[in-house]
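1. sequence and predicted structure are below.
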Amino acid sequence: MVHNQQVIGSNPVAPTVPTGRPPGGRGDDEGIPMAQEDPDGRGGRFGGGAIATLVGLALLIIFMVQNREQVTIHLLAWNLSWPLWVFTLVVALVGALVWFGLGVMRRHRRRVRRRG
């Protein structure tokens, strides 16, 4: 099997698909790129954030499986009786939404600061 790769320096360029046009013109006689290679050369390895997320998710699932008893939650005037795993899941989802919202706000402020 022949792989169509163009090498520029030490970074290979993505394989290409023939365009059906005669070579020449814009200098793209190799065709249209199919996919880009990993630019930092790490391959398919997970980053630190992905590993931390997977470990946290695994710990959350283990905690939820081990803690299935009913608990009573007292919040202001309400008394809720929920399984502990449901309460844990709700708290984790609310925390994730707050974390995501804070990240969106931070990115928005940075964009506004850069523009003017």
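-> Yep, it's here. Given the structure is predicted, the values throughout are model-derived calculations rather than measurements. Residues are numbered from 1 along each chain as shown.

2. show me what the lengthiest helix in the chain is packed against.
-> As assigned by DSSP state H, the longest helix anywhere in the chain is helix 84-115. Contact here means 3 or more Cβ pairs under 8 Å, 6 or more residues apart in numbering; DSSP states H and E; on that basis helix 84-115 packs against helix 48-66, strand 70-75. Where C-beta positions appear, they are placed from N, C-alpha and C, glycine not excepted.

3. ok, which of these comes nearest R110?
-> Closest of the helices and strands packed on helix 84-115 to R110 is helix 48-66, at 18.5 Å (criterion: Cβ to Cβ).

4. before we move on, the earlier item: dump the helices and strands packed on helix 84-115 to TSV, plus distance to W99.
-> Shown next, in TSV, are the helices and strands packed on helix 84-115 (distance: least, Cβ to Cβ, whole Å):
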stretch	distance to W99
helix 48-66	11
strand 70-75	21
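
5. ok, which of these comes nearest L102?
-> Of these, nearest to L102 by Cβ to Cβ is helix 48-66, at 15.6 Å.

6. shaky segments in the chain?
-> 1-44 (pLDDT under 70).

7. go again using 90 as the cut-off
-> For the chain, the stretches with pLDDT under 90 are 1-50, 53, 67-68, 73, 75, 78, 80, 99-100, 102-116.

8. domains for it, by residue range?
-> 1-45, 48-115 (automatic domain parsing).

9. how about F46, phi and psi?
-> phi -80, psi 150 (degrees, to the nearest 10).

10. quick one: which of the helices and strands packed on helix 84-115 is nearest V104?
-> helix 48-66 (16.6 Å).

11. who touches the closest one?
-> Residues outside helix 48-66 that contact it (Cβ atoms under 8 Å, 6 or more residues apart in numbering) are F46, L84, W85, T88, L89, A92.

12. about what we covered before: in CSV: the helices and strands packed on helix 84-115, plus distance to R107 and mean neighbour count.
-> Formatted as CSV, these follow (distance: least, Cβ to Cβ, whole Å; neighbours: other Cβ atoms under 10 Å):
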stretch, distance to R107, mean neighbour count
helix 48-66, 16, 11
strand 70-75, 32, 10
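
13. do you know which of those lies nearest R114?
-> helix 48-66 (23.4 Å).

14. ok, so what distance separates G116 from R107?
-> Separation of G116 from R107 (Cβ to Cβ, to the nearest Å) stands at 16 Å.
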